[in-house]
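**Student:** here is my input, please return the structure:
(chains A and B)
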Amino acid sequence: MTALRVVAALVLKNLVHHLGMLVWAGLLFAALLVTAWSSVLIRSENSVIDAGVGALYYLGPLVVILINERLVARDLADGTSEFLAALPLSTPLRLGVPYLMGLGLTLLLTELTLMTTALLALRMQGLPGWWLLQLHWQCGLYMVAWHAVSFAVAWFGRWRWLLWWALLAGASSIGAGWVSNAFSSLMWHAVLAEPLDHGRSLPPYGAVPITLAWTVGALVLGFSIAAFKGGMFPDRWYGVSNARQRATVMLGMILVLTLEPILLAIAPSRPPLQLTQPVPATHAVVHLSGGGQLREVGQEAASILDDLGEVVGVEAWPSVLLYPSPRGLDRHIRLPPGGGAELALLVDPDGPTQSLAREIATYVLQEQAGSLGLIHPDLDALAHGAPGWVRPSSALERRLAWVEDPTADHPGQRLSAGRDVAEAVAVARLQSLGDSAPCVLRHAFSTRRASGLLASLWASWTLPEGWMRARCGAGPSQSWAEGRAPRRALPKVEIEIDQGVLVALFSHETPPGAVLRRQALDDLERRPRDTRPWRLHATEHDADLPLDFSLSQPLAVELVLFDPSLEGWHSSGVAVR
Amino acid sequence: MDRDTELAVTTEGLIRRFGSRQVIKGLDLRVPRGVIYGFLGRNGAGKTTTLRMLVGILSPHGGTMALDGHRIRRTRPRQRRRIGYVSQQQHFYPWMKVRTLGRFVGAFYPTWDPSYFASLLERLSIEPNQRVGTLSGGTRMKLAMALALAHRPPLLLLDEPTAGVDPVTRREILDLLRQTVDEGDCTVVFSTHTVSEVVDIGDQVGILHDGRIFFQGSVSDFAARVRRVGQLPEGALALHEDDRGVIGWGDPEIWRDLMTASVSLEEAFVAIARQDA
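**Tutor:** So this is what the prediction gives:
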């Protein structure tokens, strides 16, 4: 009872003491979060959920550091720690209450950010529940790790800012010289350091031990320092610092800065990036770098992508560069000069090769899914929800079963390559459907609605049905399998404004019957608001278009061809201005 | 249970270091129950460190302590509930009102008496609705006294409670201490370097010099042990020579057959403090 009363008194005291600062920090964070959402909605370069998670990734830590500055460091810096220390307060309560309060506030911030972002994104992106859950644990673990580290650092008195400097600048220095990205392979950031589209298809389970190790290590260090001989270290380190102590801290910061050139100088040199000839394949292009050790696995990956492309209707995969590295399969951010590849992957030539080609194919699928927004802004919104809306048909599953075991026959077996592949396939499939996608999705939606109340409620919330209906009109409903059609090689479109005239340029001659569809896009959500067709004559290389839209608003131009067999439109992709 | 159950506080060979510097060098303290114990010493003698170890803010690096007869290595929260502590500087939360601060502190003590706290505030002329940050230094000290007394602790540890306060406030604080001890089973240990305060209200005195207890006992006993002498008798100890002669320290029996002049506590304290000067 006494302990409860003490906890209540401490919690109330801390809340009232720090309420003003925490509210200001919360408001500032909220303002920046809303700014991030708005910039995404206006510029349409990213997803809203990306913006929310990005705000947590970059701004959340600042709030967490502030929380621990207030809950831990404030009493020590103000001298009120002696007043508290003289009270009959046990060490577990003295340390546990600020830690747990900070943890609660951190998780509250995380939850509020994720939930509000998810609510905002749900209508637009249709986020599947399982993925939101995965994102929750991912962000939660990331923020808990930040809280543990900042809790530990807060006990270091006048050394704490030097410690932050050393931790973050040091990691950057190490990253510059030794590993490609220290934040994703060495630091507690690892669990959230990968891009969201990557983590979505391939949850970063491998990063969990790194983040957990930092969390546990930081907690042990923090509690040890705080409790050691009644807190003799914080007592000493928080004492009024003199000029010499301040100079020591400054000197330490300068020394950390000198670390980066030293690390760069002694870092082992890397082999230069050099493209070899692509391995032969019908459509997929896989480049190899650093010799031919990876030729076999590259060939197998290209072959898988070709087969997969035939199944889902994708002809042109992003070209991929395999780069030998002892780190094992991972994404590499550096691409070779000249734009020879769109996706660079690190591959360990001496590592296990079993299933390596399939994993490479998965990365390419993810890349394909991720680039969807650049190709077709309408489908970008749909693609985020695709796995939740569309399940591959059993026929498609059977045809994809070879991904797991090409030699076996799998009649009726569910896709066994894992959810990541299924998801990426579904997204790639959507892309291949082009204009048929909304109709197919609408059909899937209708099927879902018939499957039960809960499913119907979920689907009605996640699916922008009105927009789909507008896109489909009263056209026939198509099943997933029925909607599949090989994509025709329509010329790519580019648009430019030349002396006040809107000009569409085609990569090669347009086929007979092609229609140039111009769409005025919504400023915020980039959805088509007004569509006007422009029928082209045969074999045109460019076309001057009438300026019947305001050039100040986003505009999309798309070359489409009506396919009588599908009663649907086939698209070349969209050029957006 | 310690055999010295009549002692409220005892320490044996207490040691405390700060870095390489040893501040408390084997302190042996014996504070009887129900007395006001004046803890005399110069600035830096180790009074605050001793009191902070007794209340449990600092841990001793050696030796043992006994509070209320219970031998302990370090003062735990359970023992701290029976201690009222007033530190040298009052670092309260400035945004709290006096009443709120009382409620906050009261949550830590099962024996907290809100009506007694209110009566103490009234007696010491402290406005309950005033914010702590707006209180003067003297009023803050009085508030600290009220907070330390309101849970009726058997042991009160006060670190220079009259430092920097005006004479009226000083008198209020000293009177309150005397009354508290006279009315209940309370032991007061207060540190000071003002000798007159010890003479004024102290029953017992302990003189701390260079991390060790030089003398402890009753104030009257002190007067019997210290004399100004023309020539130091055998068995006596010269404390300091000045132009007035030699101050001797020794067993009262030594002075019996000598014509000696008595020395005030302050003179003796100065003499002790100058030993290493």
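
**Student:** for chain A, what are the nearby residues on the stretch 51-200 of chain B?
**Tutor:** Residues of the stretch 51-200 of chain B lying close to chain A by CB under 8 Å from any CB of the partner chain are B:55-59, B:74, B:76-78, B:80-81, B:85, B:87, B:89-93, B:95, B:103-105, B:107-110. From N, CA and C alone the C-beta is placed, and that goes for glycine too.

**Student:** if we use 7 Å, what do you get?
**Tutor:** B:55, B:57-59, B:77, B:80-81, B:85, B:87, B:91-93, B:95, B:104-105, B:107-110 (CB under 7 Å from any CB of the partner chain).

**Student:** buried members of those residues into PyMOL, please.
**Tutor:** To isolate the buried members of these in PyMOL, using 16 or more other CB atoms under 10 Å in any protein chain shown:
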select buried, chain B and resi 55+57+58+59+77+80+81+85+87+92+93+104+105+107+108+109
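
**Student:** so which of the residues of the stretch 51-200 of chain B next to chain A are in strands?
**Tutor:** residue B:85 (DSSP state E).

**Student:** which members of the residues of the stretch 51-200 of chain B next to chain A occur in helices, if any?
**Tutor:** Residues of these located in helices (DSSP state H): B:55, B:77, B:80, B:104-105.

**Student:** which residues in chain A form strands?
**Tutor:** Going by DSSP E, chain A shows strands at A:286-288, A:320-324, A:330-332, A:343-347, A:493-498, A:501-506, A:515-521, A:528-535, A:542-545, A:555-563, A:568-576.

**Student:** same thing with chain B?
**Tutor:** Under DSSP E, chain B gives strands at B:7-18, B:21-32, B:36-41, B:62-67, B:70-72, B:83-86, B:155-159, B:187-192, B:204-209, B:212-218, B:226-229, B:237-242, B:245-249, B:261-262.

**Student:** of those strands, which stretch is the most buried?
**Tutor:** strand B:36-41 (a mean of 27; mean count of other CB atoms under 10 Å in any protein chain shown).

**Student:** can you tell me which residues contact residue A:91?
**Tutor:** residue A:227 (CB atoms under 7 Å, 6 or more residues apart in numbering or on different chains).

**Student:** circling back: among the ones in helices among the residues of the stretch 51-200 of chain B next to chain A, which two are most distant?
**Tutor:** B:55 and B:104 (18.2 Å; CB to CB).

**Student:** how many neighbours does residue B:251 have?
**Tutor:** By other CB atoms under 10 Å in any protein chain shown, 11 other residues sit near residue B:251.

**Student:** residue contacts, the residue nearest to it when sequence neighbours are not counted?
**Tutor:** Once flanking residues are discounted, residue B:251 sits nearest to residue B:235: 6.6 Å by CB to CB, 6 or more residues apart in numbering or on different chains. Contacts for residue B:235 (CB under 7 Å, 6+ apart) come out as B:250-251, B:254.

**Student:** give me the helix or strand of chain A that scores worst on average pLDDT.
**Tutor:** helix A:372-375 (a mean of 42; mean pLDDT, DSSP states H and E).

**Student:** shaky segments in chain B?
**Tutor:** Low-confidence segments of chain B (pLDDT under 70): B:1-5, B:240-246, B:259, B:275-277.
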